[in-house]
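In: Quick check, what structure comes out for this input:
(one chain, ligands or ions: 2)
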Amino acid sequence: MSELRHFLDIDQLDAGTLRDILDRGLSLKKSWMDGGQERPFDGRTLVMILEKPSTRTRVSFQVGMQQLGGMVVVMSEHESQLGRGETLADTAQVLSRYADAIMIRTNNPQKLQDLATSATVPVINGLTDNSHPCQIMADIITFEEHRGSITDRVVTWSGDGNNVAQSWIHAAVKLGFTLRLACPDPLEPSQDILDWAVAEGGDIVLTDSPEEGVSKADLVVTDTWVSMGDTDADMRRELLLPFQVNADLMALANPDALFMHCLPAHRGEEVTDDVMDGPQSVVWDEAENRLHAQKGILSWCLE
Ligand code: CP
Ligand code: NVA
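Out: Residues are numbered from 1 along each chain as shown. Ligands and ions are numbered 1, 2, ... in the order given. Model (predicted):
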C-alpha cells in the first residue's frame, strides 16, 4: 500500500481527509487575502501533463503553486515523448526524479492509475473522462462560504451525467448531502458509481424530471452538454434540451438556492444568460476558488 498522498478521486479519501484538504484551502485563501507571505512550496515543483485543453485547472494550479513559492512545468502529450509512445509508467519514473508532484488531465482513467502506480511522488487528477475531483473541492468551498455546511443540504445536478456529476456523487456520499441527478436516461452517470453510492448508504436520487430534481434544492449545478472528447453532439443537444437551467427551472428551487457551473459554459445551451449572470449565480466565486482549492490539495499532497 502506497504511503503517497495521491489525490485521485474523492471516493478514495475519507471524510476527515477531505475536510482537512478543504480547511487547508480555506486557510491558505484567508492568509493570501490578508497579504500573507507564507511560501510553503518553496523549492517544490509540480509537473502538469495536459492531454486535453484547460484554462481554469491549468492556471489555478500554476498560480497557486507560484503564490506559495513553488514552480510548475507544463507538458502536453504532443510536445513530449508521450506523443511518440513513451509509456506513462516510464514517464512517471522520470518525472518523479525531477518533481514533487504530478497533475494529469487525460481522457482515460486507466492512464491516471498507471501514472499513480509508477510515480514515486503524489499524483493529482486534473480531470479524466470519469471524474473531476479538484473541481468539486472548489465547489464545496464555494457553497460553504455562501451558505454554511453542505452536510444535509440538497444539491441538484441537471444535465449530462458526466465526469463532474460523478465526482459530485463521490462528494455527496463522503460529505453527507443529498444529491439529485436529473439526467436523460441514456446520459445517466455510470451504473458502477451509482451502485457504489447505494452500497455506501448515499442519499442519491436519480430522476429524468429536471423540475422534480430541482424542487426545493439548495444548489443547482450543470455542465456542458458536450464534454471534451464527446463525438455525439447532436444527439446530446436534443436529449439535454429539457434539462437546461433557465429562470423557470431555478424558480422551482429554494428561493436562496445557488447556481454553479464548473465552466466553460455554453450560454443558451445548458444554462441561460439570466441564470449565469443572475443573483443566484456564484460561478465566478467558484472559478476563483479553484485557486484556493488547488492550494489545499497541493498542501495535503506535499506534506
Ligand atoms: N472547470 C475546469 O476544469 O475548467 P478548465 O477546463 O478550463 O480547466
Ligand atoms: N465535463 C467537462 C468539464 C470541463 C471542465 C468536460 O469534460 O469537458
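
In: From now on I want contacts and neighbour counts done on CA atoms only, so please keep to that.
Out: Will do.

In: Show me what from the stretch 51-200 of the chain comes close to ligand 1.
Out: 54-58 (CA under 6 Å from any ligand atom).

In: Can I get the residues you listed in a markdown table including pLDDT, neighbour count and distance to Ala165?
Out: Conversion of those to a markdown table gives the following (pLDDT from 0 to 100; neighbours: other CA atoms under 10 Å; distance: CA to CA, whole Å):
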| residue | pLDDT | neighbour count | distance to Ala165 |
| --- | --- | --- | --- |
| Ser54 | 98 | 13 | 18 |
| Thr55 | 98 | 9 | 20 |
| Arg56 | 98 | 17 | 18 |
| Thr57 | 98 | 21 | 17 |
| Arg58 | 98 | 20 | 21 |
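
In: from the residues you listed, which ones fall inside helices?
Out: If you go by DSSP state H, those have 56-58 in helices.

In: which one of those residues sits closest to Gly278?
Out: Ranked by distance to Gly278 (CA to CA), those are led by Arg56 at 21.5 Å.

In: Please, which helix or strand holds the residue of the chain found nearest ligand 2?
Out: Distances between the chain and ligand 2 by CA to the nearest ligand atom are smallest at Ser227, namely 3.4 Å. Assigned by DSSP states H and E, Ser227 falls within no helix or strand.

In: quick one: it and ligand 1, what's the gap?
Out: Going from Ser227 to ligand 1 by CA to the nearest ligand atom, to the nearest Å gives 10 Å.

In: what's the neighbour count on that residue?
Out: 15 (other CA atoms under 10 Å).

In: go on, the one 3 residues further on?
Out: Counted by other CA under 10 Å, the residues lying close to Asp230 total 10.

In: How about the contacts made by it?
Out: Not one residue lies near Asp230 by CA atoms under 8 Å, 6 or more residues apart in numbering.

In: any idea how far Val74 is from it?
Out: As judged by CA to CA, to the nearest Å, Asp230 and Val74 stand 25 Å apart.
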